[in-house]
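Colleague: Structural data only, the sequence is not supplied:
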């Protein structure tokens with residue numbers, strides 16, 4: 001039985017991968033420093049929303065080849081390692097390798113020349129080669145691969161089997177070894193060089209971030225002209241494939257798009273004009289909305305409700321959610337701000353949905369969860385820049 005240690009195994013990337021590989025017959029050791037999450041995972045608790053996640057987790061636990069630990073162990077020896085710890089950006093928007101370095105240092109005693117270390121999360125270009133060099137300085141001749149995550153959060157079990165897997169590594173042998181691992185969960189393998197793969201991931205996320213920024217700027221232009229962007233978007237895209245990729249307006253956020261756009265900028269000596277301007281647009285949409293509301297209403301006399309605090313629809317993840325930027329700004333201006341989300345469980349300050357609607361004068365859709373489509377807002381002012389509840393609500 002092949003053995004693999006997945007590091008960051010209770011996170012949004014690590015847990016689905018642990019389950020997937022366990023269901024494919026691997027012996028999976030899930031290592032995570034979050035002791036509380038490790039205890040929950042060992043009890044079979046699915047820690048966040050993933051379509052079909054709980055069913056897959058139950059199936060994996062029945063195989064008795066998946067367990068979680070919160071400290072490095074000799075059980076890790078003579079196996080490969082898959083690391084889901086990424087490289088966040090620091091306060092200067094530059095990559096911070098400290099988290100990854102700390103992770104590697106914790107497993108050094110369990111590495112040898114036959115070990116393969118697979119980086120899964122987005123990394124700054126050159127990180128894979130840096131890691132190989134760092135290991136050599138520690139007199140460890142382990143191989144390094146970069147096999148980037150490509151699934152949409154929440155759809156891992158549906159998408160991963162159909163999406164091609166990009167595999168890059170420090171040697172041809174390491175490429176083959178990584179491919180032999182991922183062929184168990186992916187139908188197609190695409191080989192590339194390390195930096196090509198690292199840039200591929202950054203390009204992909206920055207491209208999406210820029211797409212959202214285009215629509216968000218269109219929204220602000222149309223709204224400032226007294227027009228409804230969502231109506232314009234619908235007539236523009238209806239039966240016209242060349243405009244079919246134009247997304248609706250909305251908060252573009254989360255743990256990847258902003259960060260990876262900034263990493264791409266940092267990798268090019270801070271020269272990435274489209275990325276920088278997209279950041280200003282996407283982050284500025286919240287401020288535009290607040291300014292417009294402040295012009296139209298005396299907010300000090302208004303209760304405002306925000307529906308949807310996750311960073312995207314049908315998700316329970318609040319990391320980098322712009323709904324919280326909206327909340328924090330409105331807290332300074334409004335009489336009260338009530339927030340609700342049917343999926344988010346970690347924020348104990350959230351209110352019940354019905355309470356939020358009943359007690360709010362103005363309701364803003366922060367994340368376009370499907371359940372909001374059929375709500376009765378009882379003639380209250382609703383602002384839905386996504387255009388998913390009622391197209392008339394998509395104009396501020």
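Modeller: Ah, there it is. Fair warning: this is a prediction, and the values are worked out from it, not measured in the lab.

Colleague: Quick check: buried residues in the longest helix belonging to the chain?
Modeller: Secondary structure of the chain per DSSP state H: the longest helix is helix 194-224. Residues of helix 194-224 classed as buried by neighbour count (16 or more other C-beta atoms under 10 Å): 194-195, 197-202, 204-206, 208-220, 222-223. (C-beta placed from N, C-alpha, C; glycine too.)

Colleague: Please apply the same query to stretch 62-75.
Modeller: Those would be 65-70, 72, for stretch 62-75 by 16+ other C-beta under 10 Å.

Colleague: Show me the protein divided up by domain.
Modeller: Split into domains by automatic domain parsing, the chain comes to 3-192, 214-394.

Colleague: can you redo these as a markdown table with mean pLDDT?
Modeller: Formatted as a markdown table, the domains of the chain follow (pLDDT from 0 to 100):
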| stretch | mean pLDDT |
| --- | --- |
| domain 3-192 | 95 |
| domain 214-394 | 96 |
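
Colleague: what helix or strand does the closest residue to residue 193 other than its chain neighbours sit in?
Modeller: Spatial nearest neighbour of residue 193, chain neighbours left out: residue 168 (5.9 Å); criterion: C-beta to C-beta, 6 or more residues apart in numbering. Per DSSP states H and E: residue 168 is located in strand 165-169.

Colleague: quick one, the helix or strand following that strand and helix 194-224 angle?
Modeller: On the C-terminal side of strand 165-169, the closest following helix or strand by DSSP H and E is helix 172-182. On the basis of axes from the mean of the first three to the mean of the last three C-alpha atoms, to 10 degrees, helix 172-182 is oriented at 60 degrees to helix 194-224.

Colleague: Can you give me the buried ones in helix 172-182?
Modeller: 174-175, 177-179, 181-182.

Colleague: and that helix, what does it pack onto?
Modeller: strand 116-119, strand 143-146, strand 165-169, strand 189-191 (3 or more C-beta pairs under 8 Å, 6 or more residues apart in numbering; DSSP states H and E).

Colleague: Which residues does that helix contact?
Modeller: 2, 4, 80, 116, 118, 143-145, 147, 165, 167-169, 189, 191 (C-beta atoms under 8 Å, 6 or more residues apart in numbering).

Colleague: what ranges do the strands span in the stretch 251-396 of the chain?
Modeller: With strands called from DSSP state E, counting those that start in this stretch, the stretch 251-396 of the chain shows them at 303-307, 336-340, 362-365, 381-383.

Colleague: mind putting those in JSON lines, mean neighbour count and distance to residue 295 included?
Modeller: What follows is the strands of the stretch 251-396 of the chain, written out as JSON lines (neighbours: other C-beta atoms under 10 Å; distance: least, C-beta to C-beta, whole Å):
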{"stretch": "strand 303-307", "mean neighbour count": "25", "distance to residue 295": "15"}
{"stretch": "strand 336-340", "mean neighbour count": "21", "distance to residue 295": "18"}
{"stretch": "strand 362-365", "mean neighbour count": "24", "distance to residue 295": "13"}
{"stretch": "strand 381-383", "mean neighbour count": "19", "distance to residue 295": "13"}
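
Colleague: Can you add distance to residue 133 and give those strands back as CSV?
Modeller: Shown next, in CSV, are these (distance: least, C-beta to C-beta, whole Å):
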stretch, distance to residue 133
strand 303-307, 47
strand 336-340, 46
strand 362-365, 48
strand 381-383, 51
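
Colleague: can you give me the strands in the stretch 1-150 of the chain?
Modeller: Going by DSSP E, counting those that start in this stretch, the stretch 1-150 of the chain shows strands at 3-7, 27-31, 66-69, 80-83, 116-119, 143-146.

Colleague: Select, out of the ones you listed, the one closest to residue 128.
Modeller: With C-beta to C-beta as the criterion, residue 128 lies closest to strand 143-146 of the strands of the stretch 1-150 of the chain, at 4.6 Å.

Colleague: Sheet partners, orientation included, of the closest one?
Modeller: strand 116-119 (parallel), strand 165-169 (antiparallel) (DSSP bridges).

Colleague: rewinding a little: and the buried ones among the contacts of helix 172-182, selectable in PyMOL?
Modeller: The following PyMOL line selects those of these that are buried, judged by 16+ other C-beta under 10 Å:
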select buried, resi 4+80+116+118+143+144+145+147+165+167+168+169+189+191
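
Colleague: returning to that earlier point: let's have the buried residues of stretch 62-75 in CSV, adding distance to residue 95.
Modeller: Compiled in CSV, these are given as follows (distance: C-beta to C-beta, whole Å):
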residue, distance to residue 95
65, 35
66, 32
67, 32
68, 28
69, 28
70, 26
72, 25
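
Colleague: Which single one of those residues is nearest to residue 108?
Modeller: residue 72 (9.1 Å).

Colleague: Next one: that closest one relative to residue 84, how far apart?
Modeller: Distance from residue 72 to residue 84, counting by C-beta to C-beta, to the nearest Å: 16 Å.

Colleague: How about residue 57?
Modeller: Applying C-beta to C-beta to residue 57 and residue 84 gives a distance of 17 Å.
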